[in-house]
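J.: Return atomic coordinates for the entry below.
(one chain, ligands or ions: 2)
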Amino acid sequence: MKDFIMPVVKYRSKQDEKQLIMSSDLVAHLGMGEEQNIKLQVGQTHMNMDLKVNAAEKSRNTIIINANLARKLHIYPNRKYAVSGRGTIIQIGPVVGIMAETSRISKKPFGGQSFFIKQLLQSGQALGQICFAFSPFSIDWKSKSIHGYSWGENGWIQGHFPLPDVIYPREKAYSPVKLNIRKKLENMGVRFLNPALVGKWQTYRVITQNPSLVPYIPDTRLVNSFSQVDRMIKKYNAVYLKPIAGSQGRNIVRVVKKKNDTSYQYQYQLNGRLIKGSASSLAQLRSCLKPVMGNRTYIAQKQINLLQSAGNIIDVRILVQKDHSGNWDVTGMACRVGRPGSITSNISAGGSGRKLETTLKEKFPDKEKQQEIIERLRFVAVEACRTLEGTIGPCGEMGVDIGIDKGGKVWFIEANLRPARQVFTLIGEKNTRLLSVKRPMLYCRYLAGF
Ligand SMILES: Nc1ncnc2c1ncn2[C@@H]1O[C@H](COP(=O)(O)OP(=O)(O)OP(=O)(O)O)[C@@H](O)[C@H]1O
Ligand SMILES: [Mg+2]
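T.: Ligands and ions are numbered 1, 2, ... in the order given. Below is the predicted model of the structure:
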């Protein structure tokens, strides 16, 4: 990565719109000539300008720009912005847009994600970026600008922003319309931090192509018929049925059939309620599960005998992210404990957080064993990210769910492209949480070529 320089931008109303004045130290740093034509790039806005040098000693590390132009570009006076030089191009920012669903509540324009998005914006601003958050439906294609929200001292500020260098996609639901918007933006040169969502079945198929991961992946099948589910149940006694496009533990079913027993026991959560039942035949099982499965496509997966705490299941959420180096690294690991009786550990379904070390010390007193498990967790998480991005395209972060069974073996459960990081707040790891917000903004810088 090139040096992190952040000059102060100053406005001048009388200055020619086509002129960019820089202190001599900056011009040298960016490798530009003393007087030359340059292309100023702010997001997808490109302008031909004349670069002039301000030789005054006290002007060090400053850029002077026409006030009108600066306002149009959302560059504020007396603030520090990151700059980068490439050939005859000078880039300011980068411009980073966080794309998310909006809400009607003015204090929380992005609903439940508002606090997280505010933290991202603050973190991006501290890195000298021009950042804002927006709904995919607030793009004005004609003027190539976006109505969005930035964060200021007194709260949310609405405005029109230039098309960004990079978009951090944080929308939860997908639709063909949104995919089209994404394609259109990509064709205009906008990069995305993460690909569109990928289903559980595709994830499974991609990662099983990596032989080093195969020992950690539970047997999984795409459900075409209930007789296939039956074969899985006979083989493993207990299976999880999961919608390929599901998240937050919704619509997941657990089916158990004890040896020499003719009936199936099932459990699922619907609207926060835990539902249990039994079916005496496969046909009956299918009709009992209709309310939760609907017409969705499902996978069936062997049940992992997860560790438990007071009878509640435990698994591990690993946040793997890239930063300005463009390399994967584990930002944090935390256990999630399902609420009593629950078949999932998801925080959104009432699960709680717990430090990984606490669980490991309690379940595996041997220090070497603890270390071995930690290494395996890291290996599986990072390797899964690498393998996935080989097929689905470059990614900036993933939340990987991994189970540890009673024997200490680790099992890949799922990789999530819109990972929540709430669990780190719940276990009091403030620094992990802060790092988890900073890293994606650093990766945006990398993606923008800074
Ligand atoms: N095969 C399995 N064996 C035991 N427990 C499982 C299994 N699959 C899932 N679970 C439990 O259910 C939880 C939710 O499963 P999973 O992560 O696959 O779905 P999701 O959370 O809805 O999807 P996503 O992680 O993509 O948001 C897991 O975190 C784990 O606690
Ligand atoms: Mg999950």
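J.: Do any residues in the longest helix along the chain lie close to ligand 1?
T.: Identified as the longest helix of the chain according to DSSP state H is helix 367-392. No. Judged by CB under 6 Å from any ligand atom, helix 367-392 and ligand 1 are separated, with a smallest distance of 12.3 Å. For glycine as for every other residue, the C-beta is placed from the backbone atoms N, C-alpha and C.
J.: Next, the buried residues of whichever helix or strand comes after that helix.
T.: Note on helix 367-392: by DSSP states H and E, the next helix or strand toward the C-terminus is strand 397-404. For strand 397-404, the neighbour count (16 or more other CB atoms under 10 Å) marks 397, 398, 399, 400, 401, 402, 403, 404 as buried.
J.: Can you pull the domain assignment for the chain?
T.: For the chain, automatic domain parsing gives the domain ranges 8-92, 96-192, 195-216+304-450, 219-303.
J.: Low-confidence stretches in this protein?
T.: In the predicted model of the chain, residues 1-3 satisfy pLDDT under 70.
J.: try 80
T.: 1-3, 57, 173-174 (pLDDT under 80).
J.: What sits closest to residue 386 if chain neighbours are left out?
T.: Leaving aside its chain neighbours, residue 386 sits nearest to residue 328 (6.6 Å; criterion: CB to CB, 6 or more residues apart in numbering).
J.: how about the spatially most distant residue from the centre of the chain, secondary structure?
T.: Distance from the C-alpha centroid of the chain peaks at residue 260, with 45.2 Å (CA atoms, centre = their mean). Secondary structure assignment for residue 260 (DSSP: H, G, I helix; E, B strand; the rest coil): coil.
J.: swap in residue 315?
T.: Residue 315 carries the three-state label strand when classified by three-state DSSP.
J.: What is the burial count for residue 227?
T.: Using other CB atoms under 10 Å, the number of residues around residue 227 comes to 8.
J.: So the host helix or strand of it, near ligand 1 or not?
T.: Assessed by DSSP H and E, residue 227 sits inside helix 226-236. No. Figure legend: helix 226-236 not in contact with ligand 1 (CB under 6 Å from any ligand atom); closest approach 9.3 Å.
J.: That helix: how far from the chain's middle?
T.: 34 Å (CA atoms, centre = their mean, to the nearest Å).
J.: list the helices and strands that helix packs on?
T.: With contacts taken as 3 or more CB pairs under 8 Å, 6 or more residues apart in numbering; DSSP states H and E, helix 226-236 sits against strand 238-243, strand 253-256, helix 282-293, strand 298-302.
J.: after the second one, next one along is what?
T.: Next helix or strand after strand 253-256 toward the C-terminus (DSSP H and E): strand 264-270.
J.: Just want the angle from that next one to strand 238-243.
T.: 40 degrees (axes from the mean of the first three to the mean of the last three CA atoms, to 10 degrees).
J.: who's in contact with strand 264-270?
T.: For strand 264-270, contacts defined as CB atoms under 8 Å, 6 or more residues apart in numbering pick out 233, 249-258, 274-280, 282, 285, 288-289, 291-292, 342-344, 349.
J.: cutoff 7 Å now
T.: With contact meaning CB atoms under 7 Å, 6 or more residues apart in numbering, strand 264-270 is reached by 249, 252-257, 274-279, 285, 288-289, 291-292, 342-344, 349.
J.: Now tell me what touches the helix or strand just after it from outside.
T.: Per DSSP H and E, the first helix or strand lying C-terminal to strand 264-270 is strand 273-279. For strand 273-279, contacts defined as CB under 7 Å, 6+ apart pick out 263, 264, 265, 266, 267, 268, 285, 288, 341, 342.
J.: try stretch 399-412
T.: 207, 213, 216-218, 304-307, 315-320, 364, 369, 373, 376-377, 380-381, 384, 413-416, 419-420.
J.: Kindly export the helix holding residue 227 (C-alpha atoms) in CSV.
T.: Extracted in CSV, the C-alpha atoms of helix 226-236 (Å, rounded to 0.1, in the frame of the first residue of the first chain):
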residue,chain,number,x,y,z
PHE,A,226,-38.8,-36.4,1.3
SER,A,227,-37.6,-40.0,0.6
GLN,A,228,-34.2,-38.5,0.3
VAL,A,229,-34.6,-36.7,3.6
ASP,A,230,-35.6,-40.1,5.0
ARG,A,231,-32.4,-41.7,3.7
MET,A,232,-30.4,-39.0,5.5
ILE,A,233,-32.4,-39.5,8.7
LYS,A,234,-31.8,-43.3,8.6
LYS,A,235,-28.1,-42.7,8.1
TYR,A,236,-27.5,-40.0,10.8
